[in-house]
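> coordinates only, sequence not included:
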């Protein structure tokens, strides 16, 4: 079985962290699909802004401004200089395949021609035509425990409910964060001060699990497990209201 990744940019932070985690496990991905997503990114960003303005009407500018003023003091959880060099060295000779949008007919045909493959996906929402490909397994990184925290602002909601942080690697399915779980581990989280710190730390540590998950699957030490649902509909968390975020931010700093 081949291994690969998808991304809209070779400089994408999540993509590079996941690639490095695979290299650390001795996996040299067979291909990287570099696809166009400019239109998707613009429409997603503009749609989100419209939704926020309509729903919240800028009721909590104080949180937005305070988050901006504190941004410079937030530490960055990212790859070391040496790790970045290792990623760049691999990319200099890697099989990088330019493609159209991830859901385009040409990209689907491209993936079909790859043969059986397990793919770390950094491509946004995949449509049914892509997910129905019988030769490809698409993996997603989710920086929270599933099925407990599905959807948006999952790190924030876990903090709100005083729950432990988890990293999850799961198969992408049509339902949001409903796919079978390949690997899920608790993240030992230090005492941090801001929501941004917790998010950066959680996603960084979750991305580190990709290599372990893929290796475990290839070595047949890990298999996909359906998410446990105790006879009730799955909870779906949506964007946390800015006022709640402001309260959470004060709670984390002890104010």
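Cool, got the structure. Note that the structure is predicted; figures quoted are calculated from it, not measured.
> The most centrally placed residue in the chain is in what secondary structure piece?
Among the residues of the chain, the smallest C-alpha distance to the mean C-alpha position (CA atoms, centre = their mean) belongs to residue 141, namely 4.1 Å. Assigning secondary structure by DSSP states H and E places residue 141 in strand 136-142.
> same deal with residue 145?
Taking DSSP H and E as the criterion, no element holds residue 145; it sits outside all helices and strands.
> Show the backbone phi and psi for it.
When read as degrees, to the nearest 10, the backbone of residue 145 gives phi -80, psi 130.
> Could you check how far residue 252 is from residue 159?
Spatial separation of residue 252 from residue 159 under the definition CB to CB, to the nearest Å is 7 Å. (Glycine included, C-beta is placed from N, CA and C.)
> Find residues that contact each of the two.
Contact with both residue 252 and residue 159 is made by residues 195, 198, according to CB atoms under 8 Å, 6 or more residues apart in numbering.
> which one of those two has more residues nearby?
Neighbours were counted for residue 252 and for residue 159 using other CB atoms under 10 Å; residue 159 has more, 22 against 16.
> roughly how far is the strand holding residue 141 from the heart of the chain?
Averaged C-alpha coordinates place strand 136-142 at 9 Å from its chain's average position (CA atoms, centre = their mean, to the nearest Å).
> And for the next helix-or-strand element following it, what's in contact with it?
Under the assignment DSSP H and E, the closest C-terminal helix or strand after strand 136-142 is helix 154-160. When contacts are taken as CB under 8 Å, 6+ apart, the neighbours of helix 154-160 outside the stretch itself are 142-145, 148-149, 164-166, 195, 198-199, 202-203, 237, 240, 244-245, 248, 252.
> how about a cut-off of 6 Å?
143, 144, 149, 198, 199, 202, 237, 240, 248 (CB atoms under 6 Å, 6 or more residues apart in numbering).
> now swap in stretch 134-143 and tell me
Residues from elsewhere that reach stretch 134-143, judged by CB under 6 Å, 6+ apart: 111, 116-121, 155, 168-170, 172, 177, 202-203, 206-207.
> ok, for residue 253, nearest residue in space, not its chain neighbours?
What sits nearest to residue 253 in space, not counting adjacent residues and going by CB to CB, 6 or more residues apart in numbering, is residue 193, at 5.6 Å.
> Tell me the secondary structure at the one you found.
Classification of residue 193 into helix, strand or coil gives coil, according to DSSP: H, G, I helix; E, B strand; the rest coil.
> Now residue 110: which helix or strand?
Counting by DSSP H and E, residue 110 is part of helix 105-112.
> For the next helix or strand after that helix, which strands pair with it and how are they oriented?
Using DSSP H and E, the helix or strand that follows helix 105-112 in sequence is strand 117-122. Based on DSSP bridges, the strands next to strand 117-122 in the sheet, each with its direction, are strand 2-7 (parallel), strand 136-142 (parallel).
> Give the rounded mean pLDDT of strand 117-122.
Strand 117-122 shows a mean pLDDT of 97.
> and the angle for it with helix 105-112?
Taking axes from the mean of the first three to the mean of the last three CA atoms, to 10 degrees, one finds strand 117-122 and helix 105-112 inclined to each other by 140 degrees.
> Give me the buried positions along whichever helix or strand comes after strand 117-122.
Read in the C-terminal direction, the helix or strand following strand 117-122 is helix 128-131, with elements assigned using DSSP H and E. Of the residues in helix 128-131, those with enough neighbours to count as buried (16 or more other CB atoms under 10 Å) are residue 130.
> try stretch 181-188
181, 182, 183, 184, 185, 187.
> mind pulling up the phi and psi values for the third one?
What that stands for is residue 183. phi -150, psi 130.
> Please report how far residue 247 lies from residue 141.
Here the distance between residue 247 and residue 141 works out to 28 Å (CB to CB).
> residues near the residue nearest to residue 35 when sequence neighbours are not counted, how many?
Spatial nearest neighbour of residue 35, chain neighbours left out: residue 99 (4.3 Å); criterion: CB to CB, 6+ apart. With neighbours defined by other CB under 10 Å, the count for residue 99 comes to 20.
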